[in-house]
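[1] The following block contains a protein sequence and its predicted model.
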Amino acid sequence: MCNINNHIFSGLLPTKVLRLFKSINLLSISVDTYLKHQMSYLHPAISKEWSRFQQKYFAEMRRQQMSLVLGGDGRSDSPGHCAKYGSYAVLDLRVMLVVEVQVVQSNEVKGSCHMEKEGLRRCVDTITSHDLSIETLVTDRHVQIGKWVRENMPDTVHNYDVWHVAKGVKKKLISLAREKDCHEIQDWIQSISNHLYWSAASSQDGNGQLILQKWQSVANHVMNIHEHRGDLFPECAHETLEGRERQKPWLKPGSKVADKFEEIVFSMQLEKDIPKLSPGAQTSALEGFHSVINHFAPKMYHFSYQGMQSRILLAAMHYIENGMREQATTKDGKKRYNIVFPKFKHGKHTTREVKVPVSYEYVKRLMFRVQYLASTHNLAEGVKQSNIKPAPLPLASLYDRPEKSVAIQSFQSRFNSVEPESLCMSPQDMDTCS
């Protein structure tokens, strides 16, 4: 039974593991038998352990009488607009713990693009049902989420994560730099992105208009104009730029590149979004959590609804235990760092902290639960006592299913059927094939 547990608890795919056992002539169970054990013991154990953590967290927050500062972000199980599953995770940005995760199947809503909003709605319902209030919610700029929060959470401050906004601005600047007579903006792209972060981070009181005026001042700054029309931010905050600080060439006022850059800075969309940037808490940790999900539930494989739900909960438990690991040190007590060259930085390096090794204490607790369930319930009883949310109807249930014999008769290939030539594949023929 322990070997069966370790398949899913380690993030492995059972079909691959069982195929490996078969290839080395190691006696094992069949895939069907594994799936029965998974439904009867593994899924319930994961669900119960997650419920235990949540009840402990909710009780502690009620005891402290704290309003929550949360970050939320969604993830689809495949790229594009045809995902089957969407998951939404909510992170407590004060203690950096994943506190709620919801899985939505696309036929539970109008379509794939509506799964993120539904996931957030379910997460908020779960949290507020435990008599907790949400003070601040930080998300990306998802239009449906913005409207839903505005209508259903009027007492909650809704902020946007800076990284998501900066990513969109940077993409537009890179596109602008590729246009004719606009290459001068290339040297400014990273500084402009940094300025957007600074505009939010230096406005800790959350004054949206101050953040906006700081951001829009960059349109003058790149043209060597350091006084602005805004009453909240009338001039640049930096000192006189000299020496190495003045390496980038100024843009010429009235030039094509300067005019197009101003169009980006003063766009109506950014004018609405910039004032809502979060001055403090961000959702970057959720991107790390999504990387953990990719280990337990890779996007190139399909999972059942319960399988996807359990694997995402496993990822949450793993992240809770290891997401805030301490920095590793040398024998002399010095903190360890590593220099890496991410592909997206195009040759520029990044310095990262080296963390202590990951731990797997949550797996021990899960193993104990599985052993208890296996000793007190048989397979049939295990299925009945499972507290996993029932799976929605399959996507194919929306369509009429033809008789198999009729479908076979109407089947035809796009290409002419040609019998392949015989190949020498048997061991006896290998010596004669050339």
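    Cool, got the structure.
[2] Please make it C-alpha for all contacts and neighbour counts, starting now.
    Noted.
[3] Quick check: nearest residue in space to the residue positioned nearest the centre of the chain, chain neighbours excluded?
    Nearest residue to the geometric centre of the chain (Cα atoms, centre = their mean): H290, 3.6 Å. Excluding the flanking residues, the one nearest H290 by Cα to Cα, 6 or more residues apart in numbering is R75, at 7.3 Å.
[4] Can I take it that the one you found is in a helix?
    No. R75 sits outside any helix when classified using DSSP: H, G, I helix; E, B strand; the rest coil, being strand.
[5] Could you report the separation of it from I320?
    For R75, the distance to I320 (Cα to Cα, to the nearest Å) stands at 18 Å.
[6] hang on, the earlier thing: and the residue nearest to the centre of the chain, what helix or strand is that in?
    Counting by DSSP states H and E, the element that carries H290 is helix 284-296.
[7] Name the next helix or strand downstream of that helix, please.
    Going down the chain from helix 284-296, the next helix or strand is helix 305-322, by DSSP H and E.
[8] any idea of the angle that next one forms with helix 284-296?
    130 degrees (axes from the mean of the first three to the mean of the last three Cα atoms, to 10 degrees).
[9] Need phi/psi at T351.
    With angles defined as degrees, to the nearest 10, T351 shows backbone torsions of phi -100, psi 130.
[10] Quick check: the gap between it and E60.
    Distance from T351 to E60, by Cα to Cα: 36 Å.
[11] What of I185?
    Distance, I185 to E60, using Cα to Cα: 51 Å.
[12] out of those two, which sits in the busier spot?
    Using other Cα atoms under 10 Å as the criterion, I185 and E60 rank with I185 on top: 23 against 12.
[13] quick one: the strands in the stretch 1-150 of the chain?
    Secondary structure of the stretch 1-150 of the chain by DSSP state E, counting those that start in this stretch: the strands cover 68-76, 85-92, 97-105, 134-139.
[14] Name every sheet partner of the first one and say whether each one runs parallel or antiparallel.
    Think strand 68-76. Strand 68-76 sits in its sheet next to strand 85-92 (antiparallel), strand 134-139 (parallel), going by DSSP bridges.
[15] What is the helix or strand containing V165 packed up against?
    According to DSSP H and E, V165 maps onto helix 162-177. Applying 3 or more Cα pairs under 8 Å, 6 or more residues apart in numbering; DSSP states H and E, we find helix 162-177 packed against helix 189-201, helix 256-265.
[16] gap between the residue nearest to the centre of the chain and S133?
    26 Å.
[17] now do K331
    46 Å.
[18] Compare neighbour counts for these two and give me the winner.
    Per other Cα under 10 Å, whichever of K331 and S133 has more neighbours is S133, with 19 against 7.
[19] ok, the more buried one - contacts?
    Residues near S133 by Cα atoms under 8 Å, 6 or more residues apart in numbering: M66, S67, L68.
[20] Would you mind listing which of the residues you listed are buried?
    Applying 16 or more other Cα atoms under 10 Å to those, the neighbour count classes L68 as buried.
[21] I'd like the contacts of S133 as JSON lines, with distance to P249 appended.
    What follows is those, written out as JSON lines (distance: Cα to Cα, whole Å):
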{"residue": "M66", "distance to P249": "50"}
{"residue": "S67", "distance to P249": "48"}
{"residue": "L68", "distance to P249": "46"}
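[22] from the contacts of S133, which is closest to N6?
    L68 (35.1 Å; Cα to Cα).
[23] Test my guess that the closest one contacts D131.
    No. Look at L68 against D131 with Cα atoms under 8 Å: they stay out of range, at 11.3 Å.
[24] what's the longest helix belonging to the chain packed up against?
    Of all segments of type helix in the chain, defined using DSSP state H, the longest is helix 43-64. For helix 43-64, the packing partners by 3+ Cα pairs under 8 Å, 6+ apart come out as strand 97-105, helix 305-322, helix 361-376.
[25] now the ones you listed in TSV, with distance to S193 and mean pLDDT?
    Below are the helices and strands packed on helix 43-64 laid out as TSV (distance: least, Cα to Cα, whole Å; pLDDT from 0 to 100):
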stretch	distance to S193	mean pLDDT
strand 97-105	28	97
helix 305-322	29	96
helix 361-376	39	93
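[26] Could you export the ones you listed as a markdown table, including mean neighbour count?
    Below are the helices and strands packed on helix 43-64 laid out as a markdown table (neighbours: other Cα atoms under 10 Å):
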| stretch | mean neighbour count |
| --- | --- |
| strand 97-105 | 23 |
| helix 305-322 | 22 |
| helix 361-376 | 16 |
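[27] closest one to E271 among the ones you listed?
    Nearest to E271, of all the helices and strands packed on helix 43-64, is strand 97-105, at 31.6 Å by Cα to Cα.
[28] Please consider this matter closed, and thank you.
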